[in-house]
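Asks: Pasted the sequence and its predicted model underneath.
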Amino acid sequence: GNSVTQMEGPVTLSEEAFLTINCTYTATGYPSLFWYVQYPGEGLQLLLKATKADDKGSNKGFEATYRKETTSFHLEKGSVQVSDSAVYFCALSGNTGTASKLTFGTGTRLQVTL
Amino acid sequence: DGGITQSPKYLFRKEGQNVTLSCEQNLNHDAMYWYRQDPGQGLRLIYYSQIVNDFQKGDIAEGYSVSREKKESFPLTVTSAQKNPTAFYLCASRRGQVEAFFGQGTRLTVV
(Lines give C-alpha, C1' and ligand atoms only; values in the text may rest on other atoms or scores of the structure.)
Protein backbone atom coordinates (compact mmCIF):
# COMPACT_ATOMS: atom_id res chain seq x y z
CA GLY A 1 0.00 0.00 0.00
CA ASN A 2 0.88 3.67 -0.09
CA SER A 3 3.01 5.18 2.66
CA VAL A 4 4.69 8.47 3.54
CA THR A 5 7.78 8.89 5.72
CA GLN A 6 8.72 12.24 7.24
CA MET A 7 11.71 13.27 9.28
CA GLU A 8 11.22 13.20 13.03
CA GLY A 9 10.73 16.45 14.88
CA PRO A 10 10.76 18.78 16.52
CA VAL A 11 12.89 20.91 14.26
CA THR A 12 14.11 24.01 16.07
CA LEU A 13 15.51 26.92 14.05
CA SER A 14 16.39 30.54 14.60
CA GLU A 15 14.48 33.15 12.65
CA GLU A 16 15.84 33.62 9.09
CA ALA A 17 17.42 30.15 9.03
CA PHE A 18 17.02 27.77 6.10
CA LEU A 19 14.44 25.03 6.49
CA THR A 20 14.32 21.53 5.03
CA ILE A 21 11.79 18.90 6.08
CA ASN A 22 12.36 15.59 4.35
CA CYS A 23 9.52 13.52 2.92
CA THR A 24 9.75 10.27 0.98
CA TYR A 25 6.92 8.12 -0.26
CA THR A 26 6.00 4.67 -1.50
CA ALA A 27 3.19 4.40 -4.02
CA THR A 28 2.23 2.68 -7.22
CA GLY A 29 1.66 4.72 -10.34
CA TYR A 30 1.90 8.48 -10.27
CA PRO A 31 0.48 9.93 -7.06
CA SER A 32 -0.24 13.56 -6.32
CA LEU A 33 1.80 15.00 -3.43
CA PHE A 34 0.85 17.61 -0.86
CA TRP A 35 2.21 19.55 2.10
CA TYR A 36 -0.27 20.63 4.75
CA VAL A 37 0.31 22.88 7.76
CA GLN A 38 -1.47 22.69 11.12
CA TYR A 39 -1.40 25.54 13.66
CA PRO A 40 -2.20 24.72 17.31
CA GLY A 41 -5.81 23.69 17.88
CA GLU A 42 -6.76 24.02 14.23
CA GLY A 43 -7.43 21.83 11.22
CA LEU A 44 -5.02 21.27 8.35
CA GLN A 45 -4.48 23.85 5.62
CA LEU A 46 -3.04 23.07 2.22
CA LEU A 47 0.40 24.66 1.87
CA LEU A 48 1.39 23.45 -1.60
CA LYS A 49 0.97 20.58 -4.01
CA ALA A 50 2.46 18.87 -7.07
CA THR A 51 0.62 16.49 -9.36
CA LYS A 52 3.33 15.11 -11.63
CA ALA A 53 7.05 14.39 -11.68
CA ASP A 54 9.36 17.45 -11.68
CA ASP A 55 6.51 19.79 -10.73
CA LYS A 56 7.46 22.38 -8.13
CA GLY A 57 4.79 23.51 -5.71
CA SER A 58 5.28 26.85 -3.98
CA ASN A 59 3.41 29.11 -1.58
CA LYS A 60 4.32 31.74 1.06
CA GLY A 61 8.05 31.20 0.42
CA PHE A 62 7.83 27.42 0.83
CA GLU A 63 8.78 25.12 -2.05
CA ALA A 64 8.81 21.39 -2.76
CA THR A 65 9.74 19.51 -5.94
CA TYR A 66 8.19 16.18 -6.94
CA ARG A 67 11.20 13.88 -7.51
CA LYS A 68 10.05 10.55 -8.90
CA GLU A 69 13.57 9.14 -9.22
CA THR A 70 14.14 9.51 -5.48
CA THR A 71 10.44 9.25 -4.47
CA SER A 72 10.79 12.45 -2.49
CA PHE A 73 8.95 15.72 -1.90
CA HIS A 74 11.13 17.68 0.53
CA LEU A 75 9.79 20.97 1.90
CA GLU A 76 12.15 23.97 1.88
CA LYS A 77 12.06 27.62 2.85
CA GLY A 78 14.95 30.02 2.54
CA SER A 79 14.24 32.15 5.61
CA VAL A 80 11.80 31.03 8.30
CA GLN A 81 9.82 33.32 10.56
CA VAL A 82 8.43 32.81 14.06
CA SER A 83 4.96 32.69 12.48
CA ASP A 84 5.99 29.54 10.56
CA SER A 85 5.99 27.57 13.82
CA ALA A 86 3.49 24.76 13.26
CA VAL A 87 3.23 21.07 12.40
CA TYR A 88 3.84 20.16 8.76
CA PHE A 89 2.36 17.05 7.14
CA CYS A 90 3.41 15.44 3.88
CA ALA A 91 0.64 13.53 2.10
CA LEU A 92 -0.02 11.65 -1.09
CA SER A 93 -3.07 10.68 -3.07
CA GLY A 94 -2.95 7.65 -5.29
CA ASN A 95 -4.44 7.94 -8.74
CA THR A 96 -5.34 4.31 -9.34
CA GLY A 97 -8.60 2.64 -8.47
CA THR A 98 -11.61 4.30 -6.96
CA ALA A 99 -10.41 4.68 -3.39
CA SER A 100 -9.36 8.32 -3.30
CA LYS A 101 -7.73 8.14 0.09
CA LEU A 102 -5.10 10.56 1.28
CA THR A 103 -2.13 9.00 3.08
CA PHE A 104 -0.36 11.23 5.60
CA GLY A 105 3.06 11.20 7.21
CA THR A 106 3.31 11.50 10.99
CA GLY A 107 3.97 15.23 10.88
CA THR A 108 7.03 17.33 11.74
CA ARG A 109 6.80 20.05 14.35
CA LEU A 110 8.75 23.22 13.51
CA GLN A 111 9.69 25.69 16.23
CA VAL A 112 11.20 29.00 15.17
CA THR A 113 12.81 31.21 17.80
CA LEU A 114 13.98 34.82 17.74
CA ASP B 1 -18.17 31.52 1.72
CA GLY B 2 -17.62 27.86 0.83
CA GLY B 3 -16.06 25.65 3.42
CA ILE B 4 -16.32 22.74 5.78
CA THR B 5 -17.71 23.17 9.29
CA GLN B 6 -17.26 20.89 12.26
CA SER B 7 -19.20 21.18 15.48
CA PRO B 8 -18.85 21.35 18.36
CA LYS B 9 -15.28 22.54 18.80
CA TYR B 10 -15.04 20.84 22.21
CA LEU B 11 -17.05 17.82 23.37
CA PHE B 12 -17.07 15.91 26.61
CA ARG B 13 -18.27 12.33 26.87
CA LYS B 14 -19.08 10.28 29.89
CA GLU B 15 -18.07 6.64 30.08
CA GLY B 16 -20.50 4.40 28.18
CA GLN B 17 -22.11 7.28 26.29
CA ASN B 18 -22.46 7.66 22.51
CA VAL B 19 -21.68 11.07 21.04
CA THR B 20 -22.07 12.43 17.52
CA LEU B 21 -19.69 14.86 15.83
CA SER B 22 -21.09 17.00 13.05
CA CYS B 23 -19.42 17.73 9.70
CA GLU B 24 -21.07 19.87 7.01
CA GLN B 25 -19.63 21.12 3.72
CA ASN B 26 -20.99 23.47 1.07
CA LEU B 27 -18.22 22.84 -1.45
CA ASN B 28 -20.29 20.35 -3.47
CA HIS B 29 -17.61 17.71 -2.89
CA ASP B 30 -18.50 14.07 -3.39
CA ALA B 31 -15.94 12.55 -1.03
CA MET B 32 -15.80 13.10 2.72
CA TYR B 33 -13.45 11.70 5.36
CA TRP B 34 -13.04 11.38 9.11
CA TYR B 35 -9.57 11.28 10.68
CA ARG B 36 -8.41 10.86 14.23
CA GLN B 37 -5.32 12.66 15.51
CA ASP B 38 -3.57 11.76 18.76
CA PRO B 39 -0.81 13.89 20.35
CA GLY B 40 2.46 13.58 18.46
CA GLN B 41 0.93 11.28 15.89
CA GLY B 42 -0.23 11.65 12.35
CA LEU B 43 -3.74 11.33 11.00
CA ARG B 44 -5.46 7.97 10.99
CA LEU B 45 -8.44 7.35 8.71
CA ILE B 46 -11.64 6.25 10.46
CA TYR B 47 -14.26 6.23 7.68
CA TYR B 48 -14.68 7.73 4.26
CA SER B 49 -17.50 8.18 1.80
CA GLN B 50 -17.23 8.77 -1.93
CA ILE B 51 -20.94 9.13 -2.64
CA VAL B 52 -24.23 9.60 -0.84
CA ASN B 53 -25.55 6.47 0.91
CA ASP B 54 -22.19 4.73 0.66
CA PHE B 55 -19.16 4.67 2.97
CA GLN B 56 -16.14 2.49 3.69
CA LYS B 57 -14.14 1.65 6.77
CA GLY B 58 -10.73 3.19 7.13
CA ASP B 59 -7.83 1.91 9.20
CA ILE B 60 -9.38 2.36 12.66
CA ALA B 61 -13.17 2.03 12.22
CA GLU B 62 -13.86 -0.10 15.31
CA GLY B 63 -16.03 1.73 17.83
CA TYR B 64 -17.19 4.35 15.30
CA SER B 65 -20.15 4.65 12.95
CA VAL B 66 -21.11 7.10 10.19
CA SER B 67 -23.96 7.92 7.83
CA ARG B 68 -24.10 9.78 4.53
CA GLU B 69 -27.74 10.61 3.87
CA LYS B 70 -26.94 13.95 2.25
CA LYS B 71 -24.04 15.07 0.11
CA GLU B 72 -23.34 17.95 2.48
CA SER B 73 -23.27 16.01 5.73
CA PHE B 74 -21.12 13.20 7.14
CA PRO B 75 -21.69 12.82 10.91
CA LEU B 76 -19.47 10.57 13.01
CA THR B 77 -20.77 8.72 16.06
CA VAL B 78 -18.28 7.65 18.69
CA THR B 79 -19.89 4.68 20.40
CA SER B 80 -19.34 3.22 23.84
CA ALA B 81 -17.41 0.42 22.15
CA GLN B 82 -14.55 2.85 21.46
CA LYS B 83 -12.43 2.35 24.55
CA ASN B 84 -10.05 5.26 24.08
CA PRO B 85 -12.00 8.03 22.35
CA THR B 86 -10.12 11.04 23.70
CA ALA B 87 -8.55 12.62 20.60
CA PHE B 88 -8.78 15.42 18.05
CA TYR B 89 -11.18 14.55 15.21
CA LEU B 90 -10.83 16.07 11.76
CA CYS B 91 -13.32 15.99 8.90
CA ALA B 92 -12.28 16.62 5.31
CA SER B 93 -13.83 16.72 1.87
CA ARG B 94 -12.48 16.67 -1.66
CA ARG B 95 -13.43 16.41 -5.31
CA GLY B 96 -11.60 13.81 -7.35
CA GLN B 97 -7.84 13.57 -6.78
CA VAL B 98 -7.24 17.21 -5.88
CA GLU B 99 -6.41 18.44 -2.42
CA ALA B 100 -8.68 17.86 0.56
CA PHE B 101 -10.20 20.68 2.59
CA PHE B 102 -10.33 20.27 6.34
CA GLY B 103 -12.63 21.51 9.07
CA GLN B 104 -11.32 23.12 12.25
CA GLY B 105 -11.63 19.90 14.23
CA THR B 106 -13.49 18.66 17.30
CA ARG B 107 -11.61 17.88 20.49
CA LEU B 108 -13.33 15.01 22.31
CA THR B 109 -12.53 14.29 25.94
CA VAL B 110 -13.83 11.47 28.12
CA VAL B 111 -14.73 12.61 31.63
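Replies: In hand now; what should we look at?

Asks: near chain B at all, stretch A:81-88?
Replies: No: interface with chain B: stretch A:81-88 contributes nothing (C-beta under 8 Å from any C-beta of the partner chain), its closest point being 9.5 Å away. To be clear about C-beta, it is placed using only N, CA and C from the backbone, and glycine gets the same treatment.

Asks: Can you give the strand pairings for whichever strand or helix holds B:F88, parallel or anti for each?
Replies: Assigned by DSSP states H and E, B:F88 falls within strand B:87-94. With DSSP bridges as the test, strand B:87-94 is paired with strand B:31-37 (antiparallel), strand B:101-102 (antiparallel), strand B:106-110 (antiparallel).

Asks: Of those strands, which stretch is the most buried?
Replies: strand B:31-37 (a mean of 24; mean count of other C-beta atoms under 10 Å in any protein chain shown).

Asks: mean confidence score for that strand?
Replies: In this model, strand B:31-37 has a mean pLDDT of 95.

Asks: just to revisit the earlier point, distance to A:T51 added to the strands paired with strand B:87-94, as TSV?
Replies: Shown next, in TSV, are the strands paired with strand B:87-94 (distance: least, C-beta to C-beta, whole Å):
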stretch	distance to A:T51
strand B:31-37	17
strand B:101-102	17
strand B:106-110	31
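
Asks: Of all those strands, which one is nearest A:E8?
Replies: Among the strands paired with strand B:87-94, strand B:31-37 comes nearest to A:E8, with 17.1 Å by C-beta to C-beta.

Asks: Contacts for the closest one, please.
Replies: A:100-102, A:104, B:21, B:23, B:25, B:43-50, B:58, B:60, B:64, B:66, B:68, B:74, B:76, B:87-95, B:100, B:105 (C-beta atoms under 8 Å, 6 or more residues apart in numbering or on different chains).
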